[in-house]
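J.: the amino acid sequence is not available; the structure is as follows:
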């Protein structure tokens with residue numbers, strides 16, 4: 001359910017309302033950032049189109065790329081140190 005709400009929030013991010021919208025914080029960006037994180041964790045390949053449209057965005061691009069990577073590989077293998085043969089988890 002949360003991922004559905006976050007997908008909708010990204011599609012309509014310019015119309016998001018916040019009680020702090022007249023302050024110094026950009027809550028639309030914070031809502032979009034949160035939505036991207038949720039989609040990265042719970043989304044699927046159907047979200048790639050939306051995330052790719054954000055990749056060149058100055059404020060959200062890195063998060064969109066991270067979300068795409070997370071969807072592509074939700075369980076990355078731990079990095080192994082070539083000299084010791086141990087992972088970061090050891």
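T.: On my side now, so go ahead. Given the structure is predicted, the values throughout are model-derived calculations rather than measurements.

J.: can you tell me how far the closest residue to residue 60 other than its chain neighbours sits from residue 3?
T.: Leaving out its chain neighbours, the residue that sits closest to residue 60 by C-beta to C-beta, 6 or more residues apart in numbering is residue 54, at 4.8 Å. C-beta coordinates here come from the backbone N, C-alpha and C atoms, glycine included. When C-beta to C-beta, to the nearest Å is the yardstick, residue 54 and residue 3 sit 16 Å from each other.

J.: ok, the two, which is more surrounded?
T.: For residue 54 versus residue 3, the count of surrounding residues by other C-beta atoms under 10 Å is larger for residue 54: 20 against 16.

J.: am I right that residue 37 is in a strand?
T.: No - residue assignment for residue 37, taken from DSSP: H, G, I helix; E, B strand; the rest coil, gives helix, which places it outside any strand.

J.: give me the neighbour count for it.
T.: Residues near residue 37, counting by other C-beta under 10 Å: 15.

J.: ok now do it, which residues does it touch?
T.: 63, 67 (C-beta atoms under 8 Å, 6 or more residues apart in numbering).

J.: tell me the confidence at it?
T.: The predicted local distance difference test score for residue 37 is 96.

J.: swap in the one 5 residues further on?
T.: Residue 42 is assigned a predicted lDDT (pLDDT) of 96.

J.: residues contacting it?
T.: The contact partners of residue 42, by C-beta under 8 Å, 6+ apart, come to 2-3.

J.: that one and residue 2, how far apart?
T.: As judged by C-beta to C-beta, residue 42 and residue 2 stand 7 Å apart.

J.: residue 11 now?
T.: Distance, residue 11 to residue 2, using C-beta to C-beta: 15 Å.

J.: so the residue nearest to residue 60 makes contact with residue 62?
T.: No - contact between residue 54 and residue 62 fails when scored by C-beta atoms under 8 Å: they sit 9.8 Å apart.

J.: got the phi/psi numbers for residue 55?
T.: The main-chain torsion angles of residue 55 are listed as degrees, to the nearest 10 and equal phi -60, psi -30.
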